[in-house]
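Peer 1: this is the structure alone, sequence omitted:
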């Protein structure tokens with residue numbers, strides 16, 4: 001099974017809480033940092049990364 005992917009923004013309180021929960025549960029995860037203020041989440045590179053990860057996670061399920 002592949003590691004969960006956490007799309008992370010350093011100022012996000014939600015990302016912070018998810019990181020805490022994952023650590024408490026002992027779940028290893030991959031982090032993909034991006035800047036919401038620069039709208040990086042809408043960039044072609046970021047969307048391609050998410051699509052690739054989704055395909056990878058479906059093939060290992």
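Peer 2: Arrived safely. Owing to the predicted nature of the structure, the values given are computational and were not obtained by experimental measurement.
Peer 1: residue 56: what's it in contact with?
Peer 2: Contact partners of residue 56, counting by Cβ atoms under 8 Å, 6 or more residues apart in numbering, are residue 2. To be clear about C-beta, it is placed using only N, CA and C from the backbone, and glycine gets the same treatment.
Peer 1: can you point me to the longest helix in this protein?
Peer 2: Counting residues, the longest helix found in the chain (DSSP state H) is helix 44-60.
Peer 1: what residues of that one count as buried?
Peer 2: Using 16 or more other Cβ atoms under 10 Å as the test for burial, helix 44-60 gives residue 53.
Peer 1: how far off centre is the least confident helix or strand in the chain by mean pLDDT?
Peer 2: Lowest mean confidence among the helices and strands of the chain (mean pLDDT, DSSP states H and E): helix 44-60, at a mean of 76. On the basis of Cα atoms, centre = their mean, to the nearest Å, helix 44-60 sits 11 Å off its chain's mean C-alpha point.
Peer 1: distance check, residue 37 against residue 12.
Peer 2: 11 Å (Cβ to Cβ, to the nearest Å).
Peer 1: no no, residue 36
Peer 2: Relative to residue 12, and taking Cβ to Cβ, residue 36 is found at 7 Å.
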